[in-house]
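>>> Quick one, what's the 3D model for this:
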Amino acid sequence: MKMITAIVNKRDAGEVCDALSAEKFSFTKMATTGGFLQSGNVTLLIGTEDEKVDLALEIIRKHCAQRMEPMPSIINAGVPAFGYHQTEVLVGGAIVFVSPVERFEKM
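The predicted structure follows:
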């Protein structure tokens, strides 16, 4: 048995969860916040049999798109409110960890 921990962008979470449910995966969904951009994510905990890991990863990969989004940037040259501009950053996709499960009990 494996535990898949998948961190996905909140914009992709609905499609990923729907697709996982359609394939009968059980999972726990938690709202989380990324450390770098401080933006919303969803962390999925998916417990599954070893032979279904590749299918779960395929579903996650298919429904998590990377895209460029504007991010406000403040330029401060020692003067308050000196300047403001936007830069684009790559967001989306997924960060996935697959870990062995030593013991599983459903209570």
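>>> so Arg61 makes contact with Ile95?
No - contact criterion C-beta atoms under 8 Å: Arg61 and Ile95 do not qualify, at 12.0 Å. Every residue, glycine included, has its C-beta placed from N, CA and C.
>>> outside of the lengthiest helix in the chain, which residues touch it?
The longest helix of the chain (DSSP state H) is helix 10-22. With contacts defined as C-beta atoms under 8 Å, 6 or more residues apart in numbering, helix 10-22 is touched by 6, 8, 27, 29, 31, 39-42, 44, 46, 56, 59-60, 62-65, 92, 94.
>>> From those, which land in strands?
Within the contacts of helix 10-22, residues falling in strands by DSSP state E are Ala6, Val8, Phe27, Lys29, Ala31, Gly40, Asn41, Val42, Leu44, Ile46, Gly92, Ala94.
>>> Count the residues that sit near the second one.
By the other C-beta atoms under 10 Å criterion, the neighbourhood of Val8 contains 25 residues.
>>> contacting residues around it?
Counting by C-beta under 8 Å, 6+ apart, Val8 has contacts Val16, Asn41, Val42, Thr43, Leu44, Ile60, Cys64, Ala94.
>>> if you set the cut-off to 6 Å instead, what comes out?
Val16, Val42, Cys64, Ala94 (C-beta atoms under 6 Å, 6 or more residues apart in numbering).
>>> same thing with the fourth one?
Neighbour list for Lys29: Val42, Leu44 [criterion: C-beta under 6 Å, 6+ apart].
>>> what is it paired to in the beta sheet?
Leu44 (DSSP bridges).
>>> That one and Gly40, how far apart?
13 Å (C-beta to C-beta, to the nearest Å).
>>> in stretch 43-56, what's buried?
Leu44, Ile46, Thr48, Lys52, Val53, Ala56 (16 or more other C-beta atoms under 10 Å).
>>> out of these, who's nearest Val101?
Thr48 (9.2 Å; C-beta to C-beta).
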